[in-house]
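Asker: predicted coordinates and the sequence they were generated for:
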Amino acid sequence: QATMVDLVAVATAAEPFLAQLPQPGILPPEFEKAFAGSYVVCTSVFLAMFILFYITTAIFAPKRHLVEVVIMAMSVVSGGLPAVWIPCIVWPDTYAAVVTGIENPAVLPAMKTPQMILIACGLSTGYMLYDLMIMLLGYPILIKPKDRSKRKPGQMAFPIYVQMLMHHVLSILVWPVAIMENRMSWVVGYFMLTEITNVFLNLRELLTMLGIDNTNTSILWAIQFLVVRIVPLPLIFYLFYMGDYSAFSMFHKVLSAVTVPIPFLLNVYWFTFIIEKAAVTLGCKSKKSKKPKKE
């Protein structure tokens, strides 16, 4: 009986907070169509590219590992819809929102979601669901084995794999909330815009799989990453800090404070690796070599 009384007391105390949570609702038709269409198109293109690369590889490069075929097919998809079409769709509304924010940053957090950002969000999350499924199904071959002699081009370290999974899962769960609730939709627009840097990233992966020198592509990718993801950081953080969050519920405040900084911190984290790799490529820094252990 005492336990039941405690549970009732906890439930009563939690009511004000629970009342602020987003209420279940129906996603806008435009979002649903974009989401479903994106998932179907991405999956179809991947399957078509996988079959094409698998057949050509069997004929011209039979020694090529299956993971290389999968990575090439994934690179074609990733370098298309999310890296080209979505940034083009989202650019006008995102640019207009940032200009408005520079003039009056207080209005940005609760700004009504522009139509094209809503549609682009559906396209982007549809792509991420496709990519998530491919990563989960391809887990056995996508992860680098501990034995270095068995590693293949395109395989990733387990921490990177987990990071990508979390990126996709959080985006699929959080972005629609932001879009539907008109909370920080401009930031979602900016995040989708930054996917344009995947053009050279995926081209770099394709060239690596085909054994073609990718130095120039890597340099272009580093420059693009710097311009799109790093240089705007002071402005983005300024707009984020100066916004008016008085209309936000506690749930939205916590969600924004926890999730918005994550992509920016990851961008800075990854840019340090890009700089280090560029320094090695340009001969400004030598690769670390392991010293032989003394017996």
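Answerer: All right, it came through fine.
Asker: tally of neighbours for Ile55?
Answerer: 11 (other C-beta atoms under 10 Å). Every C-beta, even on glycine, is put in place using the N, C-alpha and C of the backbone.
Asker: I should have written Asp147 there, sorry.
Answerer: 7.
Asker: kindly report the same for the one 4 residues further on.
Answerer: Counted by other C-beta under 10 Å, the residues lying close to Arg151 total 14.
Asker: the closest residue to it other than its chain neighbours: neighbour count?
Answerer: Nearest-residue entry for Arg151: Lys144, 5.2 Å, with adjacent residues in sequence omitted and distances by C-beta to C-beta, 6 or more residues apart in numbering. Per other C-beta under 10 Å, the neighbour tally for Lys144 reads 17.
Asker: give me the pLDDT for Lys144.
Answerer: Note on Lys144: pLDDT of 87.
Asker: for the chain, what are the low-confidence residue spans?
Answerer: 1-26, 281-295 (pLDDT under 70).
Asker: pull the longest helix from it.
Answerer: helix 29-60 (DSSP state H).
Asker: after it comes which helix or strand?
Answerer: Per DSSP states H and E, helix 29-60 leads on to helix 66-78 as the next helix or strand towards the C-terminus.
Asker: okay, that next one in CSV with CA atoms only?
Answerer: The C-alpha atoms that make up helix 66-78 are tabulated as CSV, following Å, rounded to 0.1, in the frame of the first residue of the first chain:
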residue,chain,number,x,y,z
LEU,A,66,32.3,-8.0,-51.3
VAL,A,67,32.7,-5.1,-48.9
GLU,A,68,34.2,-3.0,-51.7
VAL,A,69,31.2,-3.7,-53.9
VAL,A,70,28.9,-2.7,-51.0
ILE,A,71,30.9,0.5,-50.3
MET,A,72,30.8,1.5,-53.9
ALA,A,73,27.1,1.1,-54.2
MET,A,74,26.6,3.0,-50.9
SER,A,75,28.8,5.8,-52.1
VAL,A,76,26.8,6.3,-55.3
VAL,A,77,23.6,6.7,-53.2
SER,A,78,25.2,8.9,-50.6
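Asker: contacts for that helix?
Answerer: 42, 45-46, 49-50, 53-54, 57, 127, 130-131, 134, 138, 141-142, 152-155, 198, 202-203, 205-206, 209-210 (C-beta atoms under 8 Å, 6 or more residues apart in numbering).
Asker: by contact count, what packs against the longest helix of the chain?
Answerer: Here helix 29-60 touches helix 66-78, helix 115-137, going by 3 or more C-beta pairs under 8 Å, 6 or more residues apart in numbering; DSSP states H and E.
Asker: the contacts of helix 66-78, buried ones only, as a PyMOL selection?
Answerer: The buried residues among these can be selected in PyMOL (16 or more other C-beta atoms under 10 Å) with this line:
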select buried, resi 42+45+46+49+50+53+54+57+127+130+131+134+138+141+142+152+154+155+198+202+203+205+206+209
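Asker: tell me which of the helices and strands packed on helix 29-60 lies nearest to Pro87.
Answerer: helix 115-137 (8.4 Å; C-beta to C-beta).
Asker: next one: that closest one to chain centre, how far?
Answerer: The chain centroid and the centroid of helix 115-137 are separated by 10 Å under C-alpha atoms, centre = their mean, to the nearest Å.
Asker: could you do stretch 196-213 as well?
Answerer: 17 Å.
Asker: what about Trp175, how many residues nearby?
Answerer: A total of 24 residues lie near Trp175 under the criterion other C-beta under 10 Å.
Asker: you'd agree it is up against Gly122?
Answerer: No: contact between Trp175 and Gly122 fails when scored by C-beta atoms under 8 Å: they sit 9.4 Å apart.
Asker: buried ones in the longest helix of the chain, by neighbour count?
Answerer: Buried residues in helix 29-60, counted by 16+ other C-beta under 10 Å: 31, 34-35, 38-39, 41-43, 45-46, 49-50, 53-54, 57.
Asker: next one: stretch 250-261
Answerer: For stretch 250-261, by 16+ other C-beta under 10 Å, it's 251-252, 255-256, 259-260.
Asker: do the same with stretch 63-75
Answerer: Those would be 64-65, 67-75, for stretch 63-75 by 16+ other C-beta under 10 Å.
Asker: from the chain's centre, how far out does that stretch sit?
Answerer: Counting by C-alpha atoms, centre = their mean, stretch 63-75 comes out at 21 Å from the chain centroid.
Asker: then stretch 98-108?
Answerer: 25 Å.
Asker: convert the C-alpha atoms of that stretch to CSV, please.
Answerer: Output in CSV follows, covering the C-alpha atoms of stretch 98-108 (Å, rounded to 0.1, in the frame of the first residue of the first chain):
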residue,chain,number,x,y,z
VAL,A,98,19.9,32.7,-41.1
VAL,A,99,19.6,36.2,-42.6
THR,A,100,16.4,36.7,-40.5
GLY,A,101,18.3,35.5,-37.5
ILE,A,102,21.2,37.9,-38.0
GLU,A,103,18.7,40.7,-38.0
ASN,A,104,16.7,39.3,-35.0
PRO,A,105,18.1,36.1,-33.5
ALA,A,106,15.3,35.9,-30.9
VAL,A,107,12.8,34.7,-33.5
LEU,A,108,14.8,31.7,-34.8
